[in-house]
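Asks: make a model of this:
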Amino acid sequence: MARSERAKELEAKQKAEAKALREKKRNSDNPRDWGTFRQIRESFRLTSQVDPQLKWWIIVVIAAGVVIGLVLGLVLGSPGSFTWIWGLVLGLLSGVTASLYILTWRTKKATYLRYKGQPGSGEVPLSMLNKKKWTSQPVIAFTKRQDVIHRVVGEGGLVLVGDGDPGRLKPLMATEVRRHQQVLYGVDVQTVIMGDGPDQVPMEKLTKYIEKLPKALDTVQVEEVKSRLKALDSMKSAVPLPKGPLPTNAKGSRRALRGR
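Replies: Numbers count the residues shown, from 1 in each chain. Coordinates of the predicted model:
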């Protein structure tokens, strides 16, 4: 009898914990806790604020899919058959799938527009890198005017990304290059300045620029570089984030965009 009571108490406790977890996820502002439909809804809402044409793109794409599917069903089906129904369903599914690709594309574009020009906005394209191939560390150094340097490590090597005024970044970048070369022992430290000027990489092209870098390190070397960087960072006092509109709240829309 006592064992049965304990079992009931345990079951009740487990149900209460599961309910609390569901409630926590329901009220969470972390996209990782959201369901697929909420992620899509939030992506649409945030993107629509910057891109009013988004809803028309989606309507046109879905409508086109339905029309094409219906026409194919009527053309390929025999007289009196219901092939058009299957064509209609497949067209609708194809239209919805295509609209999700449109949403992803427009959300990326809107995210760039929303944060371009803000201090630390280089974190946005770096967060869109393939996480299996690249590891990014935002704001490893900065100036008083909120010019910052981000760091990326992957098979393409180690890249320091300057984000701000090129003139103010030049001495800071040179210092960071020397600091990293002291522990990397022969691994090249590449640099790039994000911007729209000569010899700079625009924000919206930075992700592709880094991912297209030729392979310079194998998997073992990448892990060794990460280990050395960890030791390097531990030798430096914790870097306080500069005051200002760093786009930390961009993470929600970016994760929702990726569906994760």
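Asks: which parts of this structure are helices?
Replies: Taking DSSP state H, the helices of the chain run over residues 2-27, 36-50, 54-76, 83-115, 123-127, 166-184, 206-211, 219-235, 250-258.
Asks: for residue 221, which non-adjacent residue is closest in space?
Replies: residue 187 (7.5 Å; CB to CB, 6 or more residues apart in numbering). C-betas here are computed from N, CA, C, even on glycine.
Asks: tell me the most buried of the helices of the chain?
Replies: Of those, the one with the most neighbours on average (mean count of other CB atoms under 10 Å) is helix 123-127, at a mean of 23.
Asks: pLDDT below threshold where in the stretch 51-200 of the chain?
Replies: Within the stretch 51-200 of the chain, the ranges that satisfy pLDDT under 70 run 79-80.
Asks: what does the strand ranked longest in the chain rub up against?
Replies: Identified as the longest strand of the chain according to DSSP state E is strand 134-142. In this structure, residues lying in contact with strand 134-142 by CB atoms under 8 Å, 6 or more residues apart in numbering are 120, 122-123, 126-127, 129, 148-154, 156, 160, 172, 175-176, 210-211, 226, 229, 233, 239, 241-242, 246.
Asks: neighbours around residue 197, how many?
Replies: 8 (other CB atoms under 10 Å).
Asks: that one contacts residue 166, doesn't it?
Replies: Yes: counting by CB atoms under 8 Å, residue 166 is a contact partner of residue 197 at 6.9 Å.
Asks: so residue 199 touches residue 191, yeah?
Replies: No: judged on CB under 8 Å, residue 199 makes no contact with residue 191 at a distance of 10.7 Å.
Asks: from residue 73, how far off is residue 81?
Replies: From residue 81 over to residue 73 the distance is 9 Å, taken as CB to CB, to the nearest Å.
Asks: and if you look at residue 126?
Replies: For residue 126, the distance to residue 73 - CB to CB - is 46 Å.
Asks: cool, residue 43 as well?
Replies: 31 Å.
Asks: before we move on, the earlier item: neighbour count: residue 199 and residue 191, which is higher?
Replies: Neighbours were counted for residue 199 and for residue 191 using other CB under 10 Å; residue 191 has more, 15 against 8.
Asks: quick one, what contacts the nearest residue to residue 89 once chain neighbours are set aside?
Replies: Using CB to CB, 6+ apart and skipping the chain neighbours, the partner closest in space to residue 89 is residue 69 (7.4 Å). The contact partners of residue 69, taken as CB under 8 Å, 6+ apart, are 87-92, 94-95.
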